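J.: just need the structure, nothing else, for what follows:
(one chain, ligands or ions: 2)
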Amino acid sequence: METKTLQANPLLISEDLRHIVTALRSGQVAALPTETVYGLAADLYNESAILEIFRVKGRPADNPLIAHIGALSELQKLISEPSDLFYQLAKCFWPGPLTLIGQRASGVPDCVTAGLPTIAVRMPSHPAMLQILKQTGALAAPSANLSGRPSPTSAADVLEDFNGQIPLVVDGGSSSFGIESTVLSLVGPKPVILRPGVISREMIEAFLGISIEVAGSGSPVLSPGMQYRHYAPKAKIHLLNSAEELSLFKERGAYIPETLTAQNLYAELRQADRLEKGEIAILLNRKMRSDEALMNRLEKASR
Ligand code: AMP
Ligand code: MG
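T.: Ligands and ions are numbered 1, 2, ... in the order given. This next block holds a predicted model:
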């Protein structure tokens, strides 16, 4: 299969928009740009298209997908009786990198949520993604990488994993945030962050006026995908605390990112693999340690 790339700068021209919408409506998968990372998308209500996402990614069937919508009116079909809090958070943070979890509505295929009674939903802000979503309705889209590999933040990253394996990629430039959405569960007695992201705990707390928890590795598995080794390059990652350790790794020829932020993390991990480095050495500083999203991904990638 030849993988066709369509350009979005940042919008798609109408001919290409028609092409991608027709492909998605007919049950094909396509890699699409979002402001977090690129997603491998398919019609949420088409079971065989959803199974194709799992097959192409090599994703375990018990790892649920995030539903992406382009209009709040899509919510009723996905969430059974969204709470006032759900709507308030959606209106404040959407379109943007916050995923909300609620009780799933009856029309949602089992395979999307990996059989869970809940579903994760967000409205992304990339202009081309919104252009597409407004015409297709809800799309399920996990990150467009082989399962376990670092998430893709450019069309080139997607092609590295999937060239010849998927029919279409929309190139919408580098992802502006470069890290997956914050996942906030609203199904328990109190909101809980299941996955830290750019929308920080502080931002959500400021909006809600209460303190909230981030589910830690010690807590029960609330979010099935969280137990897997994730976001990992082939190279072994070493998280370091001192310049002395770093110079040892430098002598050994390890890959050493000059600066590391949530925004360029995955690009750096992929670059180390392209250069066939066996090791990546990262000196943690105070700024990095205070970034909950960055530390969460580094901890998972270095396991
Ligand atoms: P990805 O799109 O690859 O970033 O993966 C989506 C992640 O969202 C999953 O691995 C889960 O951790 C989380 N997620 C999706 N749906 C649910 C759900 N219903 N309940 C809890 N977590 C979810
Ligand atoms: Mg992923």
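
J.: what residue ranges in this structure score low on pLDDT?
T.: Along the chain, segments meeting pLDDT under 70 span 217-229.

J.: and it, which of its residues are near ligand 1?
T.: 63-64, 66, 101, 113, 116, 118-120, 142-143, 180, 183, 194-195, 223, 225-226 (CB under 6 Å from any ligand atom). All C-beta atoms are positioned from the backbone trio N, CA, C, and that covers glycine.

J.: 8 Å - rerun?
T.: 37, 39, 59, 63-66, 99, 101, 104, 113-114, 116, 118-120, 141-143, 151, 180-181, 183, 185, 187, 194-195, 222-226, 228 (CB under 8 Å from any ligand atom).

J.: among these, which are located in helices?
T.: Counted as lying in helices by DSSP state H, out of these, are Thr113.

J.: which among the residues of the chain next to ligand 1 count as buried?
T.: 37, 39, 59, 63-66, 99, 101, 104, 113-114, 116, 118-120, 141-143, 151, 180-181, 183, 185, 187, 194-195, 223, 225-226, 228 (16 or more other CB atoms under 10 Å).

J.: excluding its backbone neighbours, what's nearest the residue nearest the centre of the chain?
T.: By CA atoms, centre = their mean, the chain has its centre lying nearest to Glu180, at 3.7 Å. Spatial nearest neighbour of Glu180, chain neighbours left out: Thr36 (5.4 Å); criterion: CB to CB, 6 or more residues apart in numbering.

J.: also Lys57?
T.: In space, Lys57 is closest to Ser147, 5.0 Å off (CB to CB, 6+ apart).

J.: that neighbour touches Ala61, doesn't it?
T.: No. Using CB atoms under 8 Å, Ser147 is not in contact with Ala61, being 11.0 Å away.

J.: run through the helices of the protein in chain order.
T.: 14-25, 47-57, 75-78, 84-93, 110-113, 127-136, 155-162, 201-208, 243-251, 265-274, 286-289, 292-301.

J.: any buried residues in the third one, and which?
T.: To tie it back to what came earlier, the one meant is helix 75-78. Within helix 75-78, judged by 16+ other CB under 10 Å, the buried ones are 75, 77-78.

J.: now for it, which elements pack on it?
T.: With contacts taken as 3 or more CB pairs under 8 Å, 6 or more residues apart in numbering; DSSP states H and E, helix 75-78 sits against strand 118-122.

J.: may I have the strand it packs on as CSV, with CA atoms only?
T.: This file holds the C-alpha atoms of strand 118-122, laid out as CSV (Å, rounded to 0.1, in the frame of the first residue of the first chain):
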residue,chain,number,x,y,z
THR,A,118,-16.5,4.7,30.7
ILE,A,119,-15.2,6.6,27.8
ALA,A,120,-12.5,9.3,27.3
VAL,A,121,-13.4,12.3,25.1
ARG,A,122,-11.7,15.5,24.0
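
J.: how far away from the center of its chain is it?
T.: 13 Å (CA atoms, centre = their mean, to the nearest Å).

J.: how about stretch 111-120?
T.: That offset, for stretch 111-120, works out to 16 Å (CA atoms, centre = their mean).

J.: neighbours of Arg274, how many?
T.: Other residues lying near Arg274 total 10 when counted by other CB atoms under 10 Å.

J.: same check on Gly188?
T.: Neighbourhood size, Gly188 [other CB under 10 Å]: 10.

J.: ok, Glu35 next?
T.: For Glu35, the number of neighbouring residues by other CB under 10 Å comes to 19.

J.: for it, give me its contacts.
T.: Shown in contact with Glu35 (CB atoms under 8 Å, 6 or more residues apart in numbering): 96-97, 124-126, 175-177.

J.: before we move on, the earlier item: so which of the buried residues of helix 75-78 is the closest to ligand 1?
T.: For these, the minimum distance to ligand 1 (CB to the nearest ligand atom) is 10.8 Å, reached by Leu78.

J.: how close does the closest one sit to Gly107?
T.: To Gly107, Leu78 is 8 Å away according to CB to CB, to the nearest Å.

J.: before we move on, what about Ile256?
T.: For Ile256 relative to Gly107 (CB to CB), the value is 50 Å.

J.: which one of the two has more residues nearby?
T.: Set Ile256 next to Gly107 and count neighbours by other CB under 10 Å: Ile256 wins out with 19 against 11.

J.: wait, that one sits on Glu245?
T.: No. Using CB under 8 Å, Ile256 is not in contact with Glu245; the gap is 11.2 Å.

J.: what touches both of the two?
T.: Shared contacts of Ile256 and Glu245, counting by CB under 8 Å, 6+ apart, come down to 281, 283.

J.: re earlier: I'd say the residue nearest to the centre of the chain and Val198 touch.
T.: No. Judged on CB under 8 Å, Glu180 makes no contact with Val198 at a distance of 9.1 Å.

J.: what is in contact with these two at once?
T.: Listed contacts common to Glu180 and Val198 are 36, 97; contacts here mean CB under 8 Å, 6+ apart.
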